[in-house]
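> quick check, what structure comes out for this input:
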Amino acid sequence: MNCPRCNSSTHKKNGIVFGRQHYKCHDCGYNYTVEVKSTASSPSVKRQALQLYLEGLGFRSIGRFLGVSHVSVQKWIKKFGQELEDLKSENEISIVEMDEMNTYIGNKKNIAGSELLLIELGKNSSTALLAAEERKLDN
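From the prediction side, this is the model:
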């Protein structure tokens, strides 16, 4: 194991923190650990979260289903949306699917809804365009 800063192989043990052995480099004095504990989710889990979101599941439902935090799911969806901004195309749209969802708050006079526009998401398609709009009916 080499120092991640200077790549030196001379080091000494420098304590254990949270059950992980720390080392100190003799050459540069840098403290480091060898064990890399990654909690990052695989791209396939992120892709599955996106597919479930496009099917209409909420962040918390997706998180429970995949065993990840709902905040992580929300960040993945947000990042995907930001990446879509860079992919704007002038190509003609051939398939358009629209769906509308309404919920009632208290009674039917207070309608809150969201509209979801999904453009070109098929079996052989690798890109999707998603637009959402929330609206409230004021009395």
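> in stretch 65-77, what's buried?
66, 68, 72, 73, 74, 76, 77 (16 or more other CB atoms under 10 Å). C-beta here means a position set from N, CA and C on the backbone, and glycine is covered the same way.
> those residues in strands, which ones?
Among the buried residues of stretch 65-77, none falls in strands (DSSP state E).
> nearest to residue 57, of those residues?
residue 73 (9.3 Å; CB to CB).
> tell me the contacts of the closest one?
Counting by CB atoms under 8 Å, 6 or more residues apart in numbering, residue 73 touches 49, 53, 59, 62, 63, 66.
> mind checking the SS state of residue 16?
Counting by DSSP: H, G, I helix; E, B strand; the rest coil, the backbone at residue 16 sits in strand.
> find the nearest non-adjacent residue to it, please.
Closest residue to residue 16 apart from its sequence neighbours, by CB to CB, 6 or more residues apart in numbering: residue 22 at 6.8 Å.
> now swap in residue 5 and tell me
Closest to residue 5 by CB to CB, 6+ apart is residue 30, at 4.4 Å.
> so what are the domain limits for the protein?
As recorded under automatic domain parsing, the domains making up the chain are 1-37, 41-87, 89-139.
> ok, which stretches of the chain are helices?
Counting by DSSP state H, the chain has helices at residues 43-54, 59-66, 70-85.
> contact partners of the shortest one?
Judged by CB under 8 Å, 6+ apart, the contacts made with helix 59-66 from elsewhere in the structure are 41, 45, 48-49, 52-53, 57, 69-74, 77.
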